[in-house]
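Asks: the following block contains a protein sequence and its predicted model.
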Amino acid sequence: MPSAVELIRSATLSDVAEYAYAATAPKDARLIFLAGACPLDAGGGTVAVGDYAGQAAACVATMNRALADAGASITDVISTRVLVASADQADLVAAWEVVRDAFGNHDVPSTLMGVTVLGYDDQVVEIEAIAAVVD
């Protein structure tokens, strides 16, 4: 089934950003608000300790499972927020590259933020997402 999400590109804004600047969903779409996807294993332990890209990949996997449980997929995501516990831009970029690659051509509007600390021991990446589906 095709996605209900329409990505909007702007000819008047820089093309340097690796995502669409806006997205819309039809008025009859069901919105799905995902909690922050964390890099946790089945037992609740943090995986890929000290590895920004590894934690980003684990977060993407968690996000995909939550989307599937809600009847959606990554192509139904309308926006994301990627939180990285670091003040080093290279760490943010390492996490972002994994997230960007996971979305492929469905490059939704996103915010990448460096934060001071995240909720779990040794956690350095978290991904929030909103999706829209038409049932």
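Replies: Thanks, I have the structure now. Here the structure is a predicted model, which means the values were calculated and not measured. Residues are numbered from 1 along each chain as shown.
Asks: every contact and neighbour count from this point should use C-alpha atoms.
Replies: OK.
Asks: may I have the phi/psi pair for the residue lying closest to Ala29 once chain neighbours are set aside?
Replies: Closest residue to Ala29 apart from its sequence neighbours, by CA to CA, 6 or more residues apart in numbering: Val134 at 4.6 Å. Backbone torsions of Val134, given as degrees, to the nearest 10, read phi -110, psi 120.
Asks: same question for Glu128.
Replies: phi -100, psi 150.
Asks: list the contacts of the residue nearest to Ala29.
Replies: 4, 28-30 (CA atoms under 8 Å, 6 or more residues apart in numbering).
Asks: of the residues you listed, buried ones?
Replies: Taking 16 or more other CA atoms under 10 Å as the criterion, what is buried in the contacts of Val134 is Ala4.
Asks: per-residue pLDDT of the residue lying closest to Leu92 once chain neighbours are set aside, please?
Replies: Residue nearest to Leu92 in three dimensions, not counting chain neighbours: Val84, with 5.9 Å by CA to CA, 6+ apart. We have a pLDDT of 98 for Val84.
Asks: so Val84 touches Gly119, yeah?
Replies: No: contact status for Val84 versus Gly119: not in contact, 11.6 Å apart, counting by CA atoms under 8 Å.
Asks: neighbour count winner among the two?
Replies: Val84 (29 against 10; other CA atoms under 10 Å).
Asks: in the protein, which spans are strands?
Replies: Taking DSSP state E as the criterion, the chain carries its strands at 6-8, 22-24, 30-37, 77-84, 110-114, 125-133.
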